[in-house]
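Participant: Take this sequence and fold it.
(chains A and B)
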Protein chains: 2
Amino acid sequence: MEAPDFSKGLVPAIAQDWQTGEILMLAYMNEAAWQETLATRRACYFSRSRGLWHKGEESGHFQEVHDILIDCDRDTIVLRVRQHGGAACHTGYRSCFFRRLGTEDWEITQERVFDPAQVYTKPHP
Amino acid sequence: MEAPDFSKGLVPAIAQDWQTGEILMLAYMNEAAWQETLATRRACYFSRSRGLWHKGEESGHFQEVHDILIDCDRDTIVLRVRQHGGAACHTGYRSCFFRRLGTEDWEITQERVFDPAQVYTKPHP
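Facilitator: As a prediction, the model looks like this:
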């Protein structure tokens, strides 16, 4: 099986709700995050501030991976996931994309699922 | 209205079918591509090989923008689009994400909508 192309650096990975198609977040993977995701079937990302990032490790809001898609150039990944804990975003919204451009400004389109202060005891990097 | 944060470079933009939620492609924007997308309501991206890239200019497969979402960090964009011409991918598939990881290898999950040789008369960069 051909792996994603990590030769140009980190690869974006889009997490999408496997049932509704809602886009939950975008994060990045290096090869170690990719291998960890394959092995555990839970989304693992990589960020320069966090390093290897087992999504939901602190919050419990992990992502169970149902399907993995790859694009034509093999440099973007889609994870079709079941989002545990109700929310993907550290701000407490279900999706990181909780703002839509209205006629004059960004408008918030969702209700908060949780209060970040109750979930994260350590400061968010 | 706060623009996306281009201070760290190009910003990924995910094109999603506005009706089905299918993820069609991921490309990048600089500030000029963002402004052009806002002004024309058609997806315009930026790539190092193409420069400012008016998606569908050659193929006719342009993307009419219905909604624009932005993430918590303002460094990723979702365009909810109507894909004209039936296909977003230059390989002729509706979505660039036409491969899913099966038990042993990537499996093609879609039928080709068009034959690239009939649509592109210039070589694809």
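
Participant: For residue A:27, give the beta-bridge partners.
Facilitator: Beta-bridge pairing of residue A:27 under DSSP bridges involves residue A:13.

Participant: before we move on, what about residue A:64?
Facilitator: Bridge pairing for residue A:64 (DSSP bridges) gives the partners residue A:42, residue A:82.

Participant: what about the closest residue to chain B within chain A, distance to residue A:102?
Facilitator: Chain A approaches chain B most closely through residue A:21 (2.6 Å), counting by C-beta to the nearest C-beta. Backbone N, C-alpha and C define where each C-beta goes, glycine included. Here the criterion is C-beta to C-beta, to the nearest Å. By it, residue A:21 lies 22 Å from residue A:102.

Participant: Buried ones in the top helix by length along chain A, by neighbour count?
Facilitator: If you go by DSSP state H, chain A has its longest helix at helix A:31-40. Judged by neighbour count using 16 or more other C-beta atoms under 10 Å in any protein chain shown, the buried positions of helix A:31-40 are A:33-34, A:36-37.

Participant: Other residues contacting the helix or strand following that helix?
Facilitator: Next helix or strand after helix A:31-40 toward the C-terminus (DSSP states H and E): strand A:44-47. Under the criterion C-beta atoms under 8 Å, 6 or more residues apart in numbering or on different chains, residues A:10, A:13, A:27-30, A:32-33, A:36-37, A:52-55, A:125 lie in contact with strand A:44-47.

Participant: Recalculate using a threshold of 10 Å.
Facilitator: A:10-13, A:15, A:25-38, A:52-57, A:62-63, A:65, A:79, A:125 (C-beta atoms under 10 Å, 6 or more residues apart in numbering or on different chains).

Participant: ok, of the residues you listed, which come out buried?
Facilitator: Buried among the contacts of strand A:44-47 (16+ other C-beta under 10 Å): A:10-13, A:15, A:25-30, A:33-34, A:36-37, A:53-56, A:62-63, A:65, A:79.

Participant: I figured residue A:23 hits residue A:88, correct?
Facilitator: Yes. Taking contacts as C-beta atoms under 10 Å, residue A:23 lies within contact range of residue A:88: 9.4 Å.

Participant: Mind checking which of the two has more residues around it?
Facilitator: Between residue A:23 and residue A:88, residue A:88 has the larger neighbour count (other C-beta atoms under 10 Å in any protein chain shown), namely 28 against 24.
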